[in-house]
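[1] Show me the folded form of this:
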Amino acid sequence: MSMSTNKETHIHWFGNDLRMVDQPFARITNGIQQLIGLYVIDPKRIAFNQWGFRNMSLQRLQVLREHLIDLERDLADQGIPLMVRWGDPRDIVPRETQKRNASLSFMKEYATHERNAQSQVLDQLDPAYVFQYDGNFLLQPDDCSWDDSFPASFSRFRKKAEKILKHQTYILEEPLKRRNKIIEPLLKESQRELHEHSAIPFPGGTNAGIDRLNAYLFQSKRASTYKKTRNGLLGKDYSTKFSFWLAVGALSPLMIMKELKKYEEKEGSNKSTYWIFFELLWRDFFRHAGKYYKDDFFAKNGLQKSSWGYHESKIAFDEWVNGNTLNDFVNANMVELKETGFMSNRGRQNAASFLVHDQQEDWRKGAAWFEHCLLDYDVYSNHGNWQYVTGVSFNPRGGSQFNVEAQADRYDSDRRFRQTWLKN
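    Alright, predicted model coming up:
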């Protein structure tokens, strides 16, 4: 969407795009005299949900602060201030924009609450001075058209995406222009307390994300063995951990792919480097699905729109949350999640399968708990994967029920993971 650029001031409303690099709004704002960043912390993000716990844990809020501190520092170095406000974005964004007679840009979101908030902001502003765009995709929406037939499974999406991306050159957006002199950041430095066994002992922010990219790819060359180690359970290096930065847009998928292609040119491509791309495609699949289906993406019965039954047991759910079930592998994963805000991909699949298939609980409740805890929480990947495991969407097999005991024997045969996280 184009935007008139005859305003002297422009505000970019940051959401899950907390970076200065690879920003689409740069192309239309670099000619504008003053650029201001705005981030609004919506109280609904930490409010209590229908199941009685908060949407966001204190750990997630602390990590968000780390991401914002890093973003503010990067912007300040370019003479761009960042305003951080607490309140309803439907009130704050129009007010700040109109007060400065500014134009506005933001990255579109497709989840119900965020999409509605963006729509209500638009209703209060002149659309000629608003630039809204699709962001954080690997396969750009402009490069594909789903019409009335979005792929029912990942494999169908993957075939189309790989055909389009086969000869893709991953070019980042133009950098933001420096404005005036360097300004002083206002947010005080802050870093969360790390658990000694945390699998993501990284600070938030783009700079730490770039450091991790370099360490995982070019320094350790672990990208060449990723497929062999990705089902690990302990430590920071069995998988990329890029999701920690992707979740808030501190890294973009294009930033990762650009570096991955450089790595392949230098060290060679193999199944492991392809699998990193493969996992980014899964993430892209769920983001495209969220964009396409909007509210239906979050429906209890999924996209099947058929009745899905479950039992409502507060005792069973609390046992799962606190790692007090009869299965020690599930318990260890749930304790790790609660104490560190992270769980491995293997753990997430088993924990989700146990809740919905063994305990027959509501998948939305499990998804909400993951939202509360996960420091790499992404609304589309989280809800999409829960629906996939449950079998209400995207899964041609009608669900994924794991034999958790067999999984524990295979992936934690020496019981080291369970011994790390369980006291008894």
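
[2] On the strand side of things, show who residue 130 bridges to.
    According to DSSP bridges, the residues that bridge with residue 130 are residue 104.

[3] Looks like it contacts residue 122 (just checking).
    Yes: counting by Cβ atoms under 8 Å, residue 130 touches residue 122, with 6.3 Å between them. For glycine as for every other residue, the C-beta is placed from the backbone atoms N, C-alpha and C.

[4] quick one: which of the two has more around it?
    Regarding residue 130 and residue 122, a neighbour count based on other Cβ atoms under 10 Å identifies residue 130 as having more, with 19 against 16.

[5] The more buried one: what's it in contact with?
    By Cβ atoms under 8 Å, 6 or more residues apart in numbering, the contact set of residue 130 is 1, 3, 103-105, 122.

[6] cool, and residue 52?
    Residue 52 makes contact with no residue under the criterion Cβ under 8 Å, 6+ apart.

[7] what's the helix or strand for it?
    If you go by DSSP states H and E, residue 52 is not part of any helix or strand.

[8] And for residue 40?
    Under the assignment given by DSSP H and E, the secondary-structure element containing residue 40 is strand 34-41.

[9] Could you check how many residues crowd around residue 180?
    The burial count assigned to residue 180 is 10, neighbours taken as other Cβ under 10 Å.

[10] Now stretch 26-34: buried residues?
    Residues 26, 28-30, 32, 34 are the ones in stretch 26-34 that count as buried (16 or more other Cβ atoms under 10 Å).

[11] now the end-to-end length of stretch 196-206.
    Across its full length, stretch 196-206 reaches 23 Å end to end, with Cα to Cα, to the nearest Å as the criterion.

[12] I'd like the mean pLDDT over that stretch, please.
    Across stretch 196-206, the average pLDDT comes to 98.

[13] picking up where we left off before, nearest to residue 263, of the buried residues of stretch 26-34?
    Distance from residue 263 was checked for each of the buried residues of stretch 26-34 by Cβ to Cβ. The minimum falls on residue 26, at 25.7 Å.

[14] For the residue nearest the centre of the chain, give me its contacts.
    When the chain is reduced to its mean C-alpha position, the nearest residue by Cα atoms, centre = their mean turns out to be residue 247, at 2.3 Å. With contacts defined as Cβ under 8 Å, 6+ apart, the neighbours of residue 247 are 16, 374-378.

[15] Dump these to TSV, plus secondary structure and pLDDT.
    Output for the contacts of residue 247, formatted as TSV (DSSP: H, G, I helix; E, B strand; the rest coil; pLDDT from 0 to 100):
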residue	secondary structure	pLDDT
16	coil	98
374	coil	98
375	coil	98
376	coil	98
377	coil	98
378	coil	98
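
[16] hmm, who's touching the lowest-mean-pLDDT helix or strand in the chain?
    The helix or strand with the lowest mean pLDDT-type score in the chain, counting by mean pLDDT, DSSP states H and E, is helix 26-29 (a mean of 94). Residues external to helix 26-29 that are found in contact with it (Cβ under 8 Å, 6+ apart): 2-3, 5, 10, 12, 35, 105, 131, 173-177.

[17] Show me those that map onto strands.
    By the criterion of DSSP state E, membership of the contacts of helix 26-29 in strands covers 10, 12, 35, 105, 131.

[18] quick one: which of these is nearest residue 337?
    Once Cβ to Cβ is applied, the member of the ones in strands among the contacts of helix 26-29 that ends up nearest residue 337 is residue 12, at 33.2 Å.

[19] ok, that closest one - contacts?
    Shown in contact with residue 12 (Cβ under 8 Å, 6+ apart): 23, 25, 29, 35-38, 104-106.

[20] hey, what's it bridged with?
    Residues found in beta-bridge contact with residue 12 (criterion: DSSP bridges) are residue 37, residue 105.

[21] so how far is residue 144 from it?
    Distance of residue 12 to residue 144, given as Cβ to Cβ, to the nearest Å: 26 Å.

[22] again with residue 366
    Taking Cβ to Cβ as the measure, residue 366 falls 31 Å from residue 144.

[23] wait, what's in contact with the closest residue to residue 319 other than its chain neighbours?
    Across the structure, with Cβ to Cβ, 6 or more residues apart in numbering as the measure, the residue nearest residue 319 apart from its sequence neighbours is residue 325 (5.0 Å). Neighbouring residues of residue 325 by Cβ under 8 Å, 6+ apart: 319, 331, 334, 354, 359.

[24] Which helix or strand lies directly C-terminal to the host helix or strand of the first one?
    The one in question is residue 319. In this assignment (DSSP H and E), residue 319 forms part of helix 314-322. Per DSSP H and E, helix 314-322 leads on to helix 328-340 as the next helix or strand towards the C-terminus.

[25] With only the CA atoms kept, save that following helix in CSV.
    Taking C-alpha atoms only, helix 328-340 is exported to CSV below (Å, rounded to 0.1, in the frame of the first residue of the first chain):
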residue,chain,number,x,y,z
ASP,A,328,8.3,-38.3,33.9
PHE,A,329,9.3,-37.3,30.4
VAL,A,330,6.3,-35.0,30.1
ASN,A,331,7.0,-33.8,33.6
ALA,A,332,10.6,-32.9,32.9
ASN,A,333,9.6,-30.9,29.8
MET,A,334,6.9,-29.0,31.7
VAL,A,335,9.3,-28.1,34.6
GLU,A,336,11.8,-26.9,32.1
LEU,A,337,9.2,-24.7,30.4
LYS,A,338,7.9,-23.2,33.7
GLU,A,339,11.4,-22.5,35.0
THR,A,340,13.1,-21.2,31.9
